[in-house]
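Enquirer: kindly generate the corresponding structure for this input.
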Amino acid sequence: MSTAADVHVIRGERVALPVRVRDAAVASAAFAVPAGPAQNLIDYSGLAVAEPLPGRAICSLAFVRYSDGDLGRYHEFAVAFLVRSPGAPGGRLTRVGAFIHWLPVDQKFTLDAGRSIWGFPKVPADIPMHFSSRIKRCAVRFGGRTAIELAVKPGLPVPTGLPGGRTAPRLDAYSCLDGVTRRIPWTVSPSRLRIRPGGARVRLGDHPVAEELRGLGLHRAPALSSGTIPHMTMAFDAAEEVPA
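Expert: Reported below is the predicted structural model:
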């Protein structure tokens, strides 16, 4: 049973936490970028990028087609950075999370819910995407002007079952909106995951975020890895403010 603190009213509709996604398709790619410029880019959050290799940070791009969930049907594109969880010692990857730097969506309800419930930096955009073809493709456009395009090639199947009845992994997402940084517990359960080294192509346009990513060298950096998930369920719990 949800308490009053677990229920939000968005555009006249009640949204209870945790918010559940019953069916989503995902394509993503990870890139190694210079840690200094990446840190400068997310300094506003108060978080620190993780460095799996000295001087290198991880930038992830992903596009998601939400087909069934508590926030409706919509498309989403994410630019995220691997960060150290607050309080984690430097140079170690034992406690990390994903800081969501940019999160365009194509529907107003999820935009309002994401910003007000979790502080996700959702912005409205046109996000055509194609999951039916062998190569998964997505673009983010504003008024017909392309900000970014991402194409992800298929990889090899990877087992995703959880033996022994273990529950789906619980991850930490981080957001920063209006000067407030938040941690969002996030549970994911993927099916039919495929991954591969490389396998992604990025094209950047002239949107300000595209210029930021170009400053990281993302337009010429080879992907470390890429992956596709035709079916994934998720749950997002209540956000917690991260002390400054």
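Enquirer: biggest strand in the chain by residues?
Expert: Assignment by DSSP state E gives strand 19-34 as the longest strand of the chain.
Enquirer: off-centre distance for it?
Expert: Between the centre of strand 19-34 and the centre of its chain there are 5 Å (CA atoms, centre = their mean, to the nearest Å).
Enquirer: now do the buried residues in it.
Expert: 19, 21, 23-33 (16 or more other CB atoms under 10 Å). No exception for glycine: its C-beta is placed from N, CA and C like everyone else's.
Enquirer: now stretch 127-146
Expert: Residues I127, M129, F131, K136, R137, C138, A139, V140, R141, T146 are the ones in stretch 127-146 that count as buried (16+ other CB under 10 Å).
Enquirer: for stretch 138-157, list the C-alpha coordinates in CSV.
Expert: The C-alpha trace of stretch 138-157 is given here as CSV (Å, rounded to 0.1, in the frame of the first residue of the first chain):
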residue,chain,number,x,y,z
CYS,A,138,17.7,6.8,-33.1
ALA,A,139,17.9,10.6,-33.6
VAL,A,140,17.1,13.5,-31.3
ARG,A,141,15.7,16.6,-33.1
PHE,A,142,14.6,20.0,-32.1
GLY,A,143,12.4,21.8,-34.6
GLY,A,144,13.7,19.6,-37.3
ARG,A,145,17.3,20.3,-36.4
THR,A,146,19.3,17.1,-35.5
ALA,A,147,21.2,17.2,-32.2
ILE,A,148,22.5,13.6,-32.2
GLU,A,149,22.1,10.3,-34.1
LEU,A,150,23.1,6.9,-32.7
ALA,A,151,23.2,3.6,-34.5
VAL,A,152,23.9,0.3,-32.7
LYS,A,153,24.8,-3.0,-34.4
PRO,A,154,23.7,-6.3,-33.1
GLY,A,155,26.0,-8.3,-30.7
LEU,A,156,26.1,-11.8,-29.3
PRO,A,157,23.5,-13.1,-26.9
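Enquirer: other SSEs contacting the longest strand of the chain?
Expert: Other elements packing on strand 19-34 under the criterion 3 or more CB pairs under 8 Å, 6 or more residues apart in numbering; DSSP states H and E are strand 56-69, strand 145-152, strand 225-236.
Enquirer: okay if I get the buried residues of stretch 127-146 as CSV plus secondary structure and distance to T181?
Expert: Shown next, in CSV, are the buried residues of stretch 127-146 (DSSP: H, G, I helix; E, B strand; the rest coil; distance: CB to CB, whole Å):
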residue, secondary structure, distance to T181
I127, coil, 26
M129, strand, 29
F131, coil, 32
K136, strand, 31
R137, strand, 33
C138, strand, 27
A139, strand, 29
V140, strand, 24
R141, strand, 29
T146, strand, 30
